[in-house]
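[1] Whatever this is, show me its structure:
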Amino acid sequence: MDTLRFDSDDLGLTEQFLSQAYAKMHIGSNTPESSRAQIVRTSLPSVSIDELDLDFAMSYSVTPLGRICLCVVYEGTIRDHTFRGVEDAFGPGDVVSFAPPELPYSGRICEARYNITMLDPGLLTQVAATAPERRPGPVRLTGHRPRSAAAAQQLRQAIIYVRDHVLADASVADEPLIASTATQHLAASVLAAFPNTALTSPTSADRNDAHPVTLRRALAYIDDHADQPITVADIAAAAHVTIRGLQYAFRRHLDTTPLAHLRRVRLDHAHHDLVAGVPTDGVTVTQIAARWGFFHVGRFAALYREAYGRAPQQTLLGP
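    Sure, this is the predicted structure:
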């Protein structure tokens, strides 16, 4: 995990920093008496979450970011935000996608405190697919505002969840399985919030592919790679089916999802580590949970108790 901090009242330095942190941009201010910018970035390889606080009014013009750029406004306003064919304004509580990754955009930020979350667009294709063929095409967002207020709230909570329970602790964020799980969780939350090109209903070919052989391939791949940061797309490729076909096979034969099954396999591994763990050697429940991709200890404890009928700490301490 990387952390980056910036605090300056020099507009030129702020423009230089923003150009390096996002994409080449020009900024200007009509409030020269105040121009302080405070920015904190925490990031994983394919996701970054920034908290920004600008105490001045700033215009911006940004070249394409090449990334999905989400904005959550806490205070202040963002006005005259424009990209191809769209002009909008955002205020406190709004959750938006600034522009498609390949398009430039511009606008004005008016003394705002807000969050910027950026994702590699390829993450969407790791959790969903568009093309009916076996090689899925890229998934794209087709709107810059969430489908509903409820969808916006769920995405806001997902961003805060990753920020506060993953990126707040470097020792947690640096665990490969946690980084993979968190980024997939965030990508799935983005798809659930915004209109997009993902196709979720299985095609006739997907239904034909959802036979026991497909399931056995997928289960074997999960068993062999549970200790690695795999995605739904990886499992589907190993089973030689589409993501939709894979999901349909798990639903049809096991009444679950591929990721839920992966989580259960990892929970079993965590159980074995707890049984074998020696607390006097410094082994903790938090360490074991993180090793197997569980970045919220409370949630891990609840899942563990549901599966094994006791708290993970009880297992670690022994009979």
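[2] And the strands in the stretch 1-150 of the chain?
    Counting by DSSP state E, counting those that start in this stretch, residue ranges of the strands within the stretch 1-150 of the chain are 2-8, 25-29, 37-44, 47-54, 57-62, 68-83, 86-90, 95-97, 105-119.
[3] now for the first one, which elements pack on it?
    Using 3 or more C-beta pairs under 8 Å, 6 or more residues apart in numbering; DSSP states H and E as the contact criterion, the neighbours of strand 2-8 among helices and strands are helix 11-21, strand 37-44. C-betas here are computed from N, CA, C, even on glycine.
[4] So which residues make contact with the last one?
    The one in question is strand 37-44. By C-beta atoms under 8 Å, 6 or more residues apart in numbering, the list of residues contacting strand 37-44 from outside reads 1-9, 14, 17, 21, 48-54, 56, 163, 166-168, 173, 179, 182-183.
[5] Can you flag the buried ones in those residues?
    Applying 16 or more other C-beta atoms under 10 Å to these, the neighbour count classes 1, 6, 14, 17, 21, 48-54, 56, 163, 166-167, 173, 179, 182-183 as buried.
[6] Which among the helices and strands packed on strand 2-8 is found nearest to Pro101?
    helix 11-21 (16.0 Å; C-beta to C-beta).
[7] Need the contact partners of the closest one.
    Applying C-beta under 8 Å, 6+ apart, the contact partners of helix 11-21 are 4, 6, 8, 25-29, 35, 37, 39, 41, 50, 60.
[8] Kindly recompute the last result at 10 Å.
    With contacts defined as C-beta atoms under 10 Å, 6 or more residues apart in numbering, helix 11-21 is touched by 4, 6-8, 10, 24-29, 32, 35-37, 39, 41, 43, 48, 50, 52, 54, 56, 58, 60, 62-63, 116, 118.
[9] How about the contacts made by the closest residue to Ile288 other than its chain neighbours?
    Distances taken as C-beta to C-beta, 6 or more residues apart in numbering put Asp273 closest to Ile288, at 4.7 Å, once the chain neighbours are dropped. Asp273 makes contacts with Val283, Val285, Gln287, Ile288, Ala289, Arg291, Trp292, Pro312, Thr315, Leu316, as judged by C-beta under 10 Å, 6+ apart.
[10] secondary structure element for Asp273?
    helix 258-276 (DSSP states H and E).
[11] what residue is smack in the middle of the chain?
    Centroid-nearest residue in the chain: Leu186, 2.3 Å away (criterion: C-alpha atoms, centre = their mean).
[12] And what about it, helix, strand or coil?
    Secondary structure for Leu186, judged by DSSP: H, G, I helix; E, B strand; the rest coil, is helix.
[13] measure stretch 291-304 end to end?
    Taking C-alpha to C-alpha, to the nearest Å, stretch 291-304 runs 15 Å from one end to the other.
[14] ditto for stretch 302-315
    End-to-end for stretch 302-315, by C-alpha to C-alpha: 14 Å.
[15] same question for it, mean pLDDT?
    If you average the pLDDT over stretch 302-315, you get 94.
[16] Show me the contact partners of that stretch.
    With C-beta under 10 Å, 6+ apart as the test, stretch 302-315 has contacts from 263-264, 266-268, 270-275, 277, 279, 284-286, 288-289, 294, 296-297, 300-301, 317.
[17] 8 Å instead, please
    Contacts with stretch 302-315, where a contact means C-beta under 8 Å, 6+ apart, come from 263-264, 267, 270-271, 274-275, 285, 288-289, 294, 300-301.
[18] are any of these buried, and which?
    Of the contacts of stretch 302-315, these count as buried by 16+ other C-beta under 10 Å: Arg263, Leu267, Ala270, His271, Leu274, Val285, Ile288, Ala289, Phe294, Phe300, Ala301.
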